[in-house]
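# pasting the sequence and the predicted coordinates here, then a few questions.
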Amino acid sequence: MSTDKIVGILTAALALVGLMTMLNSGTSTPIAAWPFETLQGIAFSIGWLSGVPAVLAYLLAIIVIALVAFIGYKVGQWIGLGLRKLSGN
């Protein structure tokens, strides 16, 4: 696996951890439950603010989480390509 893909996967994981930390840091929820609480919180926010049905709110929440991971991966891949160019490989 190339360096840019490894850096992309690491930054995608950091982006997801950052999203979970941002949404759950002020609660007393155990860290093991943060992924579920993140999904629930995003779905609640979408459903409450837009009035869409619950199924659509959950689908949109999953899409938002996937977009955060994808953007984190692409940013990390871009950084990895830059690092590879700097090192001369």
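Received, thanks. The shown structure was predicted, so the numbers you read here are calculated from the model rather than taken from an experiment. Numbers count the residues shown, from 1 in each chain.
# next, residue 68: phi, psi?
When read as degrees, to the nearest 10, the backbone of residue 68 gives phi -60, psi -40.
# make sure it is actually in contact with residue 19.
Yes. With the criterion set as Cβ atoms under 8 Å, residue 68 and residue 19 qualify as a contacting pair; they are 5.3 Å apart. C-beta here means a position set from N, CA and C on the backbone, and glycine is covered the same way.
# find residues that contact each of those two.
Common contacts of residue 68 and residue 19, defined by Cβ atoms under 8 Å, 6 or more residues apart in numbering, are absent altogether.
# which stretch of helix or strand covers the residue minimising distance to the centre of the chain?
Per Cα atoms, centre = their mean, the C-alpha nearest to the average position across the chain is that of residue 16, at 3.2 Å. Here residue 16 is covered by helix 3-24, with elements defined by DSSP states H and E.
# starting at the chain centroid, how far to whichever helix or strand comes after that helix?
Towards the C-terminus, the helix or strand next in line after helix 3-24, according to DSSP H and E, is helix 34-50. Between the centre of helix 34-50 and the centre of its host chain there is 14 Å, according to Cα atoms, centre = their mean, to the nearest Å.
# re earlier: what sits closest to the residue nearest to the centre of the chain if chain neighbours are left out?
residue 69 (5.6 Å; Cβ to Cβ, 6 or more residues apart in numbering).
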